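Colleague: here's a sequence, model it:
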Amino acid sequence: MPTDAERRFVLFVYGSLLRGESNHARLDGARALGDAKTAAAFELFDLGPYPALVAVGATAVAGELYEVDAKMLAALDVYEEVPRLFKRVRIALADGAEAQAYTLDAEQVRGRRRIRSGDWRTRFQAAQSASVREGPMVRWAKNRDR
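Modeller: This is a model prediction of the structure:
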């Protein structure tokens, strides 16, 4: 039986800890297990420099899985300010498996923009495409001199 120090955990990451994102280096030494999605029971919110996973909703949130040891998980708990800010909980994944993930309560994200796609990496694409849509006033302004 493994000691506490030898225990391994599967961690679902969905924001700044993703490969290529600003805090991915915090996972140096973790074993990448690949891309994953949560069960369609969550919502993802934009908090500026990082997102928040909330366990209320109907979205399958995109992310990655990593196998981490107890020491790394404890360091990530400190970084994520568990339990003062985030909570680390077991969540259901789309394939029926489970993983640890950092979540916020719904009250903590009230008034924040929901990332409808459930994918942190596409947060800017969604905002840009929303701003490109032309409403009736924009069409009128473009055509008024014709």
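
Colleague: ranges for the strands of this protein?
Modeller: All strands of the chain, identified by DSSP state E, fall at 8-13, 31-37, 42-46, 51-59, 62-69, 87-92, 98-104, 113-114.

Colleague: including mean pLDDT, could these go into JSON lines?
Modeller: Output for those, formatted as JSON lines (pLDDT from 0 to 100):
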{"stretch": "strand 8-13", "mean pLDDT": "98"}
{"stretch": "strand 31-37", "mean pLDDT": "98"}
{"stretch": "strand 42-46", "mean pLDDT": "97"}
{"stretch": "strand 51-59", "mean pLDDT": "97"}
{"stretch": "strand 62-69", "mean pLDDT": "98"}
{"stretch": "strand 87-92", "mean pLDDT": "98"}
{"stretch": "strand 98-104", "mean pLDDT": "98"}
{"stretch": "strand 113-114", "mean pLDDT": "96"}
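
Colleague: what sits against the closest residue to Ala32 other than its chain neighbours?
Modeller: Excluding the flanking residues, the one nearest Ala32 by CB to CB, 6 or more residues apart in numbering is Tyr66, at 5.9 Å. The way it works is simple: take the backbone N, C-alpha and C, and place the C-beta from them, glycine included. Counting by CB atoms under 8 Å, 6 or more residues apart in numbering, Tyr66 touches Val10, Leu11, Val13, Leu27, Ala30, Arg31, Ala32, Leu33.

Colleague: hang on, isn't Asp77 packed against Lys87?
Modeller: No - contact criterion CB atoms under 8 Å: Asp77 and Lys87 do not qualify, at 10.0 Å.

Colleague: what sits up against stretch 15-22?
Modeller: Stretch 15-22 is contacted from outside by 23-24, 26-27, 32, 49-51, 63-64, 76, 120-121, using CB under 8 Å, 6+ apart.

Colleague: let's see that with 7 Å instead.
Modeller: With CB atoms under 7 Å, 6 or more residues apart in numbering as the test, stretch 15-22 has contacts from Asn23, His24, Arg26, Leu27, Pro49, Tyr50, Pro51, Gly63, Glu64, Trp120, Arg121.

Colleague: likewise stretch 70-83?
Modeller: Here stretch 70-83 makes contact (CB under 7 Å, 6+ apart) with Asp4, Ala5, Arg7, Phe9, Leu11, Arg26, Gly29, Ala30, Phe86, Arg88, Tyr102.

Colleague: that'll do, ta.
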